[in-house]
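Participant: fold the following, please.
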Amino acid sequence: PPPPPPAAANEESEEKEIEGDAPGADQAAAVDHEHAAAPVPPVVETKKREREESEKREDEREEYKNAAEEALEEEKGEEVNDEVFEERKAATSLVLANKRQRTEDSKSLMVRVDANGVRRLSSLDAPIMCCEGHASEVFTMKFSPDGSCFASGSMNKQIFLWNVRGECENFCVLKGHKNAVLDLHWTTDGSYVVSASPDKTVRVWDVEYGMQVKKWDEHQGIVNSCCPARRGNPLFVSGSDDGTAKIWDQRRKRSIHTCEDAYQVTSVGFSDQAEYIYTGGIENVIKVWDLRKLQVVETLRGHTDTITGLSLSNDGSFLLTNSMDNTLRVWDVRPYAPGGRCTGVLTGHRHNFEKNLLKCGWSPDDKHVTCGDSAGFVYLWDRHSGSLVYRLPGHQGSVNEAVFHPKENIIGSCSSDGKIFLGEVDV
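Facilitator: Next up is the predicted model:
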């Protein structure tokens, strides 16, 4: 006889399942009962929350997308093809995303307020930090290029290295000079410090190991100033009372060039590309020397007394000079100055009978300049308008140098009272 139709077989199997005769039915029911009774594990809840957050973000992105498309469609009823529409849509989405990112960044970079409710502008532990340790006058200080520490030189023949953050501890002392340290600078990479001293030497120090790596002693008089080149070969320039400015190469034992002048040289510096050097002294002028010819190619006149300090702007276009005639002058040192070399004269600070070599400096953005005076004040000017922004008290002696921090709103000053101050400034 022919086999029964499939429908009949299906009906019989369904009847068996209804009656509970299907194989494994009891085991499946038991497993379902156990799952219903067991609690939901935490991992499942966490994944559920993540899924909900992901869906929420997708909804927000969809809202941004819809808003961008609506804005494009309503744009003056302009007719555009599909390609242009897609480009504009992508650009609008990018603008919206950047705007949202800027909003989040501004919230995270809000001005810090300390426990006393004082508005803070830097990472210093306090709005003003005092660093003490030198046993006598402090003549010079400079922040490292990364801003993590600073170096100071004083009458006690030593160079101190200090931390900027925390309690501003002194973590290293560099010894070797036989007389006071009148000037010092960091190299561009922050690995070395170069110093000048009345012991007629120029020395280079390895900051990482805290040791002297170079000593040049060709000068026949007090070495008043020194400066490293910003780029290129490891060159240094120094100015002395013997009337010379010498160029040194860290890879050599002797000087490579000597620029001879008729009068004492009190301040020196390199141009941005290290093609020229600037010298100032008791002749009351700033001379520009071409290192290829070893000749004076230009003389900047305007000061009426000894030049005590000079500093090149960070963009290399302007030179700031300080003089005992109680003025700061800004000079345009670009190859072709459109409106004359002297572009500004700043006044307010004072020199006195001590005749210290008071230095000057630029802010990181070149919008402000600063220097100290003999009465214990730190002056800060707007470089473009020439207006005085701050006159900061605190020191009990002549402020020999004031410098800006390279990354934060901090200004440092060192004085003949043996103290160093780090303070916040709102500029």
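
Participant: the helices in the stretch 51-200 of the chain, which residues?
Facilitator: Along the stretch 51-200 of the chain, counting by DSSP state H, counting those that start in this stretch, helices occupy 82-108.

Participant: how about the strands in it?
Facilitator: 112-113, 119-120, 128-132, 138-143, 149-154, 158-163, 170-175, 183-186, 192-196 (DSSP state E, counting those that start in this stretch).

Participant: also the stretch 301-427 of the chain?
Facilitator: All strands of the stretch 301-427 of the chain, identified by DSSP E, counting those that start in this stretch, fall at 307-312, 318-323, 327-332, 342-347, 360-362, 368-372, 378-382, 388-392, 399-404, 410-415, 419-424.

Participant: now these in TSV, with mean pLDDT?
Facilitator: Listed next are those as TSV, based on pLDDT from 0 to 100:
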stretch	mean pLDDT
strand 307-312	96
strand 318-323	96
strand 327-332	95
strand 342-347	93
strand 360-362	96
strand 368-372	96
strand 378-382	96
strand 388-392	94
strand 399-404	96
strand 410-415	96
strand 419-424	95
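
Participant: format those as a markdown table; extra columns: distance to residue 190 and mean neighbour count.
Facilitator: In short, each C-beta sits where N, CA and C put it, glycine included. Written out in a markdown table, the entries for the strands of the stretch 301-427 of the chain read as follows (distance: least, Cβ to Cβ, whole Å; neighbours: other Cβ atoms under 10 Å):
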| stretch | distance to residue 190 | mean neighbour count |
| --- | --- | --- |
| strand 307-312 | 18 | 25 |
| strand 318-323 | 23 | 25 |
| strand 327-332 | 27 | 22 |
| strand 342-347 | 30 | 16 |
| strand 360-362 | 17 | 22 |
| strand 368-372 | 22 | 27 |
| strand 378-382 | 25 | 21 |
| strand 388-392 | 27 | 16 |
| strand 399-404 | 15 | 27 |
| strand 410-415 | 16 | 25 |
| strand 419-424 | 18 | 22 |
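
Participant: quick one, which of these gets closest to residue 299.
Facilitator: In this view, the strands of the stretch 301-427 of the chain are compared for proximity to residue 299 by Cβ to Cβ, and strand 327-332 is the closest at 11.2 Å.

Participant: other SSEs contacting that closest one?
Facilitator: strand 318-323, strand 342-347, strand 368-372 (3 or more Cβ pairs under 8 Å, 6 or more residues apart in numbering; DSSP states H and E).

Participant: now the first one, how far from the centre of its chain.
Facilitator: In other words, strand 318-323. What separates the centre of strand 318-323 from the centre of its chain is 22 Å, taken as Cα atoms, centre = their mean, to the nearest Å.

Participant: which residues are contacting that strand?
Facilitator: With Cβ atoms under 8 Å, 6 or more residues apart in numbering as the contact definition, strand 318-323 has outside contacts at 267, 269, 278, 280, 284, 286, 300, 303-313, 328-333, 343, 358-362, 366, 369, 371.

Participant: same thing with the second one?
Facilitator: Strand 342-347 has contacts (Cβ under 8 Å, 6+ apart) with 300, 302, 318, 326-332, 369, 381, 383, 386.

Participant: one more time with 10 Å
Facilitator: Contacts of strand 342-347 with the rest of the structure, by Cβ atoms under 10 Å, 6 or more residues apart in numbering, involve 300-303, 318, 320-322, 325-332, 337, 360, 369, 371, 379, 381-388.

Participant: what are the pairing partners of that strand, and which direction each?
Facilitator: Sheet neighbours of strand 342-347, with direction, are listed as strand 327-332 (antiparallel) (DSSP bridges).

Participant: can you check the first one too?
Facilitator: Next to strand 318-323 in the sheet, as set by DSSP bridges, lie strand 307-312 (antiparallel), strand 327-332 (antiparallel).

Participant: alpha carbons of the first one, in PDB - could you do that?
Facilitator: By that I understand strand 307-312. Listed next in PDB are the C-alpha coordinates belonging to strand 307-312 (Å, rounded to 0.1, in the frame of the first residue of the first chain):
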ATOM      1  CA  ILE A 307      73.200  99.700  27.500                       C
ATOM      2  CA  THR A 308      72.500  97.300  30.300                       C
ATOM      3  CA  GLY A 309      70.500  94.500  28.600                       C
ATOM      4  CA  LEU A 310      69.100  93.500  25.300                       C
ATOM      5  CA  SER A 311      66.700  90.700  24.200                       C
ATOM      6  CA  LEU A 312      65.400  89.500  20.800                       C
END
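
Participant: now do it against strand 399-404, angle only.
Facilitator: Computed with axes from the mean of the first three to the mean of the last three Cα atoms, to 10 degrees, the direction of strand 307-312 lies at 10 degrees from that of strand 399-404.

Participant: now do strand 307-312: distance to the chain's middle.
Facilitator: Using Cα atoms, centre = their mean, the mean C-alpha position of strand 307-312 is found 22 Å from that of the whole chain.

Participant: before we move on, the earlier item: now the helices and strands packed on strand 327-332 in CSV, with distance to residue 184?
Facilitator: What follows is these, written out as CSV (distance: least, Cβ to Cβ, whole Å):
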stretch, distance to residue 184
strand 318-323, 17
strand 342-347, 25
strand 368-372, 16
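
Participant: leaving out chain neighbours, which residue sits closest to residue 325?
Facilitator: In space, not counting the residues next to it along the chain, residue 325 is nearest to residue 305; the distance is 4.0 Å by Cβ to Cβ, 6 or more residues apart in numbering.

Participant: residues contacting that neighbour?
Facilitator: Listed by Cβ under 10 Å, 6+ apart, the contact partners of residue 305 are 282, 284, 323, 324, 325, 326, 327, 351, 355.

Participant: filter these down to the buried ones, PyMOL style.
Facilitator: In PyMOL, the members of the contacts of residue 305 classed as buried (16 or more other Cβ atoms under 10 Å) are selected with the following command:
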select buried, resi 284+323+324+325+327+351
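
Participant: residue 421: which of the strands paired with strand 318-323 is closest?
Facilitator: Distance to residue 421, taken as Cβ to Cβ, is lowest for strand 307-312 among the strands paired with strand 318-323, at 18.7 Å.

Participant: pretty sure residue 166 is touching residue 124, no?
Facilitator: Yes. In this structure, residue 166 sits in contact with residue 124. The criterion is Cβ atoms under 10 Å, and the distance is 9.3 Å.

Participant: the two: which has the busier surroundings?
Facilitator: Neighbours per residue (other Cβ atoms under 10 Å) separate residue 166 from residue 124, with residue 124 holding more: 20 against 10.

Participant: brilliant, that's me finished.
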